[in-house]
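Enquirer: Sequence plus the predicted model coming up.
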Amino acid sequence: MLWAVLSIFVLAAVAPFIARVTKQATGWVLGLLPLAVFAYFAQQIGPVADGTPIRQVHAWVPSLDLTLSFYLDGLSLLFALLVTGIGTLIVVYAGGYMHGHDQYGRFFSQLLLFMGAMLGLVVADNIIAFFIFFELTSFASYLLIGFYHTDEDNRQAARKALVVTGGGGLALLAGLLLLQQVTGTMEFSEMLALGDTVRAHPYYTGIFVLVILGAFTKSAQFPFHFWLPAAMAGPTPVSAYLHSATMVKAGVFLLARLSPVLGGTDLWLYTLVSFGAFTMVLSAWLGLRYTDLKQILAYTTVMVLGLLTMLLGVGTSAAVKAAMVFILVHALYKGALFMMAGSVDHETGTRDVLELGGLRSEMPYTMAGGLLAALSMAGLPPLFGFIGKEVTYEAALGAGPIGIVVLVASVLANAALLAGALVVGIKPFFGGEGSFTRHPHEAPVSMWLGPGILATLGLAFGLVPSLVDQTILQAATGAVLQSPYEFYLALWHGINAPLIASLVTFAIGFALYVQWARVQPSGFMQALDGFFGRRPAAAFERGLFEMARLSQWTTRRVQDGTFRHYLLTVLSTFVVLVGSSLLLQTNIQWPTEVLGVRYYEAALAGIIVLAALVAVRTHERFIAILALSIGGYAIALLYLLFGAPDLAMTQFTIETLSIIILVIVLLNLPGISGQVSLASRVRDAVVATGVGAIITTIALTVLSTPLDRYVSDYLASRSYTEARGHNIVNVILVDFRALDTMGEIGVLAMAALGVYVLMRMMRQNRDTPEASIESDDKVLTEAEETA
Amino acid sequence: MEALLAIVSGILFACSFYLMMRRNLLRFVIGLIILGNAANLLIFTMGRLTRDHPPVIPYGAELPIEPYANPLPQALILTAIVISFGLLVFALVLVFRNYLTTNTLDADTLDAAEPDEPLDVHTETRRLPA
Amino acid sequence: MDLSEAYLTLWSDLDGVFSMALVSLVGLIVVVVDAFRNDHPSLPWMGAAALLASIGWELSVLGDAPGTALFGAVRTGGFAAFVNLIILVSGLLTIVLSVPYLDQLKRAYGEVYALILFATAGMIMLGTANTLISVFVGLETMSICLYIMTGLVREDEGSIESALKYFLLGAFSTGFFLYGIALLYGATGTMVLPEMAAGLEASGSTLLFWGGVALLLIGFMFKVSAVPFHMWTPDVYQGAPTTLTGYMSTASKASAFASLILVLFYALPTERWSLVLAFIAVVTMVLGNVLALSQPNVKRMLAYSSVAHAGYVLVGLTAASPAGYAGALYYLLVYAVMNIGAFGVMAFLEWDGKEGREQTLDSLAGIGFRRPALGASMGFFMFSLTGLPPLAGFTGKWFVFAPAVNAGLTWLVFIAVLMSAVSAYYYLRVVYVFWMLSPEDVPEAAEAQNAAFPVPASSIAVIVACAVTLLVLFVLSGNVMGFAEGLFEEAASMASMP
């Protein structure tokens, strides 16, 4: 199975090159591989139907339990067959439909990318692999919807689909990870047996909500239904494949896959049934509002997704059976109808039902396929769609107390579906000549073959249900129920409740069809569409916009670009973080003084503080510099008083140098005008004082613990004996810690290099006055000398 | 005395940070110089004070005479003074360069443009599409 | 210790610090040669050769057992080799990409390459530091080189302004850092990381210790640009020469994180910092992503996103398990590749659309069709930065998030995943504008110029190689991750041995 999935990805990568060689036969050539994969999966029907799922494991990241494992049971197999089977027909169809487009090769590449992702999704066993494929389908769908990217509407539609389904995918990932926490396994196949553990776990509700978010967004359930009709902006083969037959069912697949694990609770039942039923009825009726063939089909797709969700929510054997049957039914007719709609569009230049008509003579093959598929969609006997509807009603009747809701909703939705099917299947072909921009011809064989095959299958399965019921459908149902389940499908069950419900459906449906021209533009439909069709989409756009606005607002608040504010933030964080941790400590104490304070020392300290305060207060720069130098020299004196003559000398020298440089630079620079508000000055002062207070507090704490002079004494005692030096400080610098001193010189050299580079750039700048360069070059040499 | 100097250096720190948050970049530089002094003073104090006895071994002796000032912080501070000087020069050159390009020493002109364009729902490129 | 003995030790340690020695030596040579043959075109290639040789050397010692060199100043062995490889590869890619870029800017100074080499040496020291002193020395060497590189190139005010901001704020973080080191030394009586825990037990001065840890963390958070110490990031990334921005955002982050990992792993075995890191990770991810959302300038957007990525790495560190640290290392490797690539692309597109640092994303509408190789590679980088499979960005995120989940930090990973979703919005927007819009759609692009700068094939090859590497790293993620995890398990088992 690894090879089946990988080969499609490989083909996707090389498709553009193949397309360059094969030209208009591309569809036929590229279709061979999906066909082969289809054949491979078809061979597995026998073993899987016998009740033995196939599992294949390939190690990937063993340390994190990441494996590439595949699991093929009845459910996966049903989907795999749909993906590859319909995929083959779509590729062939696209060969005709997209012919002549300048991005022909790219289109196939993206289409096959999607096919590979979808196939991987349905056969993946590892939840991470599943998630990867899940997101990959969203991404491929984004590319394909936005394929005609020159139109803004298409881009918007693509974005909508990506954000909704991709975002849902992330919720799903979170849900799956929680599921992994609860079950301790990453494999679906192992989780399936652990349903009771999960349902009893406190995380259950969380997991359920997250997984449901993933499934509902992907399968376009209300209130996320708006992206799917918009996605019809993509090329028609894409709509036929992704947005009806396969991708949108990924959400349903997920629900079916996890129903043994998460299903069976009241939460599951009521959530799925209510959302599914509402979506179903709503979208079936919304479909009648539109006249664009693809829009009608899109809404009926949402309707079927709602139906499937509802049936899986009911969860009885009959309901699951109905869901599996309906998946197949829907894939067959919807694929065919979309291709039909594409052919009509391709040949006439319009998809508007009001403009179409009378194509039966020009496009007989297309009509045959389309009509047959539409009848199946309408649920008329003897087509497969009729069986699908019957089993749905049967499931509704056996669903217990909630059954009446399910039944009424299904009848209402199916009636609208029937009307929609007839609009799509009959209007374009019968009646008077439509108003076309070009003269219609029959579509090429590649374009009517696919719909033809699918529609014929819809008829064949209806007449001879035993082709599928005992094998693949039964296996799929058994996989969802996690126990073997036998059933037979038949067109005629005698006169019973489902048949009566069907007859009611037919009556309402035909009435709707006859009155369609009046229903479609009615005020009720307009209101319905405005409220449920357009408003969610508008709300979505609004949400994105507000998100961007929030971001911009935050940026302006926290990142105004002003250096001083950056500094203020850093310092405030320091005060808050360190200050709060200091406040939590209670053992801060005043240090025990060994030395008293002599009056001249106190005076010196006073001078230092005073000088600093003057430097803060004054706006006269020369006074500030004067204060600065007095303070610096006072510190040097302090060093001298406390046994550090070397320090005092260095401090004197450097202080003098700094002052000189500062004065030189100051001569060249102007002052600035403008005042900072008092409030912000007070704020800065408070923060600065806080920093000072914290530093003092920590210093006092350090001083209250005894100092271990071991290292100092060790160095002092070795100073003469080992290094023959009398001045211990010097010996430490050039001997004991010589490497550090070298590092220091390195830092200084780096600073010098920086000064040099900056100066060099200035020299290139012609406007620079010569004098200032020289003064700074002097700085450079001085810096090096000091090193 | 140590406690007094700890408080003095705390005040110096406060002054220097306050100065650094001023609009005039030269006051910033002055703050930077004070900061260096404050840090050095703090390290010096942390190593404890000893009056009048530099860590020098008298000629003829092999060991210094107790008590002597702690040599380790002194070595550290020597390094720190020199490095902070190097950084000061670098900072000055940067400020000067900045002055050459902007013709001002106002720190508030150092605000590299954050987007100020308002968003707009109706213009696609303003609206931040995906 | 006798002097000759010291030389012998130095000599025998040479293979432990081969890369650092070679890179700084060649850096010196470049400076000297540059003094005589100013800005000779062979200078960058000397640097590249040194880096390449070092890469070869590090590959050969990848399997070595952990140890120390230079009197216990730096660590050697597998971990060091892995970190050094990230740094060296980033340096090499940067040099190769910078040559045509700086030529085009008319700023092909020889010193630039010397600075890159010195910065690389500093980063190696920082990333493999075993004592707080070497952490500091490495950090400073690296930072000073980066300050200079930031202000290096352009005549406009933005560049020098960003250098000023970077330098001044950087000086602060250094101050905090030094102060933290002093407090830690006071509390434990040692500078050697693995001895600190025992030292703390002996002295019992917890107040000093945790005060020191807080200050040290502030210093690190500044270097990895975690909120609220990130403010310099956008300005600096936007102002610096673009290829060098790529270098800054990757190699310096990698080495600072590597150093932080060493500190956390060896010196702070208690769990107390985990919650603090988790908190920083949350604000970093949230703010980084939210601010990136509305950035019209790609470089600024990438800057904010690099803030967000620092948050993701912090998530891995918060897990405080070998898997978490290893995941962080893997993430840093992947991040280096994708971010250097992304900045490389932006560097060469600087002469398309709106020029220079004013360049907005919109002015590049439809550029993918004009420069398909760069555009397609950018797609790879953006998808990988988002964390989408099948690119290494996905496994990277997985490897940092999964250990956090295992450590019981599910809430943190929820936020991280949510933020990744937000990030998809602005990353994919780049792809969207590059490939889906056409210049006619955007007024800004219509008025922008198309003074296409002919990008040399070698640079395109490097960028495409980065993109392909992301695929390769994805496929090989199991092996790389297994190796990285082995490093910590080995070290942990050695630490527990008496």
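Expert: Okay, I see it.

Enquirer: What is the neighbour count of the residue nearest to C:Val430 when sequence neighbours are not counted?
Expert: Excluding the flanking residues, the one nearest C:Val430 by C-beta to C-beta, 6 or more residues apart in numbering or on different chains is C:Met382, at 5.1 Å. Every C-beta, even on glycine, is put in place using the N, C-alpha and C of the backbone. C:Met382 has 27 neighbours, counted by other C-beta atoms under 10 Å in any protein chain shown.

Enquirer: Which element, helix or strand, includes C:Met382?
Expert: Using DSSP states H and E, C:Met382 maps to helix C:372-386.

Enquirer: where in the chain is pLDDT low?
Expert: Chain wasn't specified; assuming chain A. Counting by pLDDT under 70, the low-confidence segments of chain A come to A:61-65, A:585-589, A:592-594, A:672-674, A:760-787.

Enquirer: my question was about chain B
Expert: Scanning chain B for pLDDT under 70 picks out the ranges B:110-130.

Enquirer: In it, which helix is the longest?
Expert: Longest helix of chain B, by residue count under DSSP state H: helix B:71-102.

Enquirer: hmm, it in reach of chain C?
Expert: Yes - counting by C-beta under 8 Å from any C-beta of the partner chain, chain C is contacted by helix B:71-102 at B:Leu87, B:Phe90, B:Ala91, B:Leu94, B:Val95, B:Arg97, B:Asn98, B:Thr101, B:Thr102.

Enquirer: OK, contacts around the nearest residue to C:Ser90 once chain neighbours are set aside?
Expert: Spatial nearest neighbour of C:Ser90, chain neighbours left out: C:Ala251 (3.9 Å); criterion: C-beta to C-beta, 6+ apart. Contact analysis of C:Ala251 by C-beta atoms under 8 Å, 6 or more residues apart in numbering or on different chains lists C:Ile86, C:Ile87, C:Ser90, C:Gly91, C:Thr94, C:Ala119, C:Thr120, C:Met123, C:Ala336.

Enquirer: can you do 7 Å?
Expert: By C-beta atoms under 7 Å, 6 or more residues apart in numbering or on different chains, the contact list for C:Ala251 reads C:Ile87, C:Ser90, C:Gly91, C:Met123, C:Ala336.

Enquirer: about what we covered before: got a list of contacts for the helix holding C:Met382?
Expert: Contacts for helix C:372-386 (C-beta under 7 Å, 6+ apart): C:305, C:338, C:341-342, C:345, C:348-349, C:367-368, C:391-393, C:420, C:423-424, C:427-428, C:430-431, C:434-435, C:460, C:463-464, C:466-467, C:470.

Enquirer: Mark which of those are part of helices, please.
Expert: C:305, C:338, C:341-342, C:345, C:348, C:367-368, C:392-393, C:420, C:423-424, C:427-428, C:430-431, C:434-435, C:460, C:463-464, C:466-467, C:470.

Enquirer: Which parts of chain C are strands?
Expert: Using DSSP state E, the strands found in chain C span residues C:67-69, C:74-76.

Enquirer: Tell me who's in contact with A:Val480.
Expert: By C-beta under 7 Å, 6+ apart, A:Val480 lies in contact with A:Leu75, A:Ala256, A:Ser259, A:Val320.

Enquirer: What lies in contact with stretch A:647-662?
Expert: Against stretch A:647-662 from outside (C-beta under 7 Å, 6+ apart): A:625, A:629, A:632-633, A:635-636, A:639-640, A:779, A:782, B:33, B:74, B:77-78, B:81, B:85, B:88-89, B:92.

Enquirer: Restrict these to the buried ones and give me that as a ChimeraX selection.
Expert: Typed into ChimeraX, the line below selects the buried ones among the contacts of stretch A:647-662, using 16 or more other C-beta atoms under 10 Å in any protein chain shown:
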select /A:625,629,632,633,635,636,639,640,779,782 /B:33,74,77,78,81,85,88,89,92
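
Enquirer: can you tell me which helix in chain C is longest?
Expert: Per DSSP H, chain C has its longest helix at helix C:157-188.

Enquirer: now that helix and helix B:71-102, what's the angle there?
Expert: Put simply, helix C:157-188 runs at 170 degrees to helix B:71-102, going by axes from the mean of the first three to the mean of the last three C-alpha atoms, to 10 degrees.

Enquirer: what mean pLDDT does helix C:157-188 have?
Expert: If you average the pLDDT over helix C:157-188, you get 79.

Enquirer: Is that helix in proximity to chain A?
Expert: Yes - judged by C-beta under 7 Å from any C-beta of the partner chain, helix C:157-188 comes into contact with chain A through C:Lys165, C:Leu168, C:Leu169, C:Phe172, C:Gly186.

Enquirer: Most neighbours of all these, which one?
Expert: The residue in the residues of helix C:157-188 next to chain A with the most neighbours, by other C-beta under 10 Å, is C:Lys165 (29 neighbours).
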